[in-house]
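Asks: based on what follows, work out the 3D shape:
(one chain, ligands or ions: 1)
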Amino acid sequence: MSGSIEVRGLSRTFHTTVRRPGFLGGVRSLVNPERVAKEAVCDISFDVAPGELLALLGPNGAGKSTTIKMLTGILTPTAGEARVAGVVPYEERERNARNIGAVFGQRTQLWWDLPVRESFSILRDIYEVPKAEHAARLKEFDELLALSSFWDTRVRHLSLGQRVRSDMAAALLHDPPVVFLDEPTIGMDVVVKEQVREFLRHQVEERGRTVLLTTHDMTEVERLAERVVLINHGRLVLDGTLDEIRRKFGSTWQVRATLADPHTPVEPLPGITLLRREGPQVVFGPDGPTAPTVHQALKQVIERYEVTDIALDEAELEDVMRAAYVQSEVRVEDRAGGA
Ligand SMILES: Nc1ncnc2c1ncn2[C@@H]1O[C@H](COP(=O)(O)OP(=O)(O)OP(=O)(O)O)[C@@H](O)[C@H]1O
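Replies: This is a model prediction of the structure:
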């Protein structure tokens, strides 16, 4: 099984009509609609190797879902090209559908009024999966996702976690080499999240599937991905392994201190920013180019506050990504200014 994803200069612009304000504006908009163009995805290129799990990250509205829609063949790009397992998805939608599985955490692809198992049988017929193969795969998925406790229930009566586990199985029943997951664990409790992550890891490591995952959950990224691509305002701003990104954007240190008096007011220190505060626990990080060395930082914190405990931590991925977003905002502004 081999499925690579190749994306070259992919762009998608949406044209929408805006309504002018007020009653007269509304009438004018009807007669002479004002059209605006939105570059949702702009000239992005990246590759995902067969058997790799890549996390596609970015703030709300960055263009992640639009990218996935082009790779699943739902949307046609306005420029550029993409190949998924060798197929141009928006030109050969049916051929592409056989090579991919897709799970959108926010909506189901199952038949709402049918029991889960019947949806699976319909999919078996659509994809012409031999019965024995289908049964074996269903058994494997049941072992990993514990589906049998609810697979005779109608989809409309499933809990969110049961529904997404069913969707996950449905997307993989035809054994596709490439899988797209758009926020698959959104809104799930930690136990089900962990079960789904374990399932995904198994699909990548044991079954060699290629996965493109979007998520806002940095724990998920750390647990599943080695490499991430970051997009912001539709543009690719970063492509690298988690280690590279940590080196580039991760603060070199984080100081976690426990205050003797949890009510002590805490302020940033010279070259040191306050990252988080939870009761007596405060976390400081370096603030820009004037940041002190870790030894000086420890000294400054101890001298300024009375602490009962102090420790040095690795920067959390959440903070690393925030730094990457902030720097990419600056670059996008530069580009807009220079245009
Ligand atoms: N069909 C559409 N028509 C017009 N604009 C659209 C359409 N679909 C998306 N957009 C716009 O394109 C931009 C990118 O949207 P997209 O849904 O790809 O972002 P996203 O990164 O998936 O965001 P989120 O994390 O919030 O899901 C947004 O500004 C959005 O409003």
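Asks: leaving out chain neighbours, which residue sits closest to Leu269?
Replies: Nearest non-adjacent residue to Leu269, counting by Cβ to Cβ, 6 or more residues apart in numbering: Gln300, 5.1 Å away. For glycine as for every other residue, the C-beta is placed from the backbone atoms N, C-alpha and C.
Asks: so that neighbour sits against Ile272, correct?
Replies: Yes - A contact is recorded between Gln300 and Ile272 when judged using Cβ atoms under 8 Å, the distance being 6.4 Å.
Asks: from Arg235, how far out is the residue nearest to Leu269?
Replies: Using Cβ to Cβ, to the nearest Å, one gets 38 Å for the distance from Gln300 to Arg235.
Asks: I'd say Asp287 and Leu274 touch.
Replies: No - checked against Cβ under 8 Å, the pair Asp287 and Leu274 is beyond contact range at 9.2 Å.
Asks: ok now do Thr308, which residues does it touch?
Replies: Contacts for Thr308 (Cβ atoms under 8 Å, 6 or more residues apart in numbering) come out as 258-260, 280.
Asks: send the alpha carbons of whichever strand or helix holds it over as CSV?
Replies: Assigned by DSSP states H and E, Thr308 belongs to strand 307-313. As requested, C-alpha coordinates have been extracted for strand 307-313 and formatted as CSV (Å, rounded to 0.1, in the frame of the first residue of the first chain):
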residue,chain,number,x,y,z
VAL,A,307,9.2,30.6,46.2
THR,A,308,8.9,27.2,47.8
ASP,A,309,9.8,25.4,44.6
ILE,A,310,11.4,26.3,41.3
ALA,A,311,12.0,24.1,38.2
LEU,A,312,13.2,24.4,34.6
ASP,A,313,10.8,23.0,31.9
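Asks: list the neighbouring strands of it plus their orientation.
Replies: Strands flanking strand 307-313 in the sheet, each with its direction: strand 254-259 (antiparallel) (DSSP bridges).
Asks: next structured bit after the partner strand?
Replies: As the chain continues past strand 254-259, the following element, by DSSP H and E, is strand 272-278.
Asks: now do the next helix or strand after that following strand against strand 307-313, angle only.
Replies: Where DSSP H and E defines the elements, the next helix or strand beyond strand 272-278 is strand 281-286. Calculated by axes from the mean of the first three to the mean of the last three Cα atoms, to 10 degrees, strand 281-286 forms an angle of 50 degrees with strand 307-313.
Asks: and strand 281-286, average pLDDT?
Replies: Looking at strand 281-286 alone, the average pLDDT works out to 90.
Asks: got the buried residues for it?
Replies: Residues of strand 281-286 classed as buried under the neighbour-count rule (16 or more other Cβ atoms under 10 Å) are 282-286.
Asks: check stretch 271-279 too.
Replies: Within stretch 271-279, the residues that count as buried by 16+ other Cβ under 10 Å are 271-272, 275.
Asks: quick check, nearest of those residues to Asp175?
Replies: Within these, distances to Asp175 taken as Cβ to Cβ reach their minimum at Leu275, with 44.6 Å.
Asks: sorry, back to before: which neighbours do Asp287 and Leu274 share?
Replies: Jointly contacting Asp287 and Leu274 under the rule Cβ under 8 Å, 6+ apart are Pro268.
Asks: can you add neighbour count and distance to Pro184 and give the contacts of Thr308 back as JSON lines?
Replies: Written out in JSON lines, the entries for these read as follows (neighbours: other Cβ atoms under 10 Å; distance: Cβ to Cβ, whole Å):
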{"residue": "Thr258", "neighbour count": "15", "distance to Pro184": "37"}
{"residue": "Leu259", "neighbour count": "18", "distance to Pro184": "39"}
{"residue": "Ala260", "neighbour count": "12", "distance to Pro184": "44"}
{"residue": "Pro280", "neighbour count": "16", "distance to Pro184": "36"}
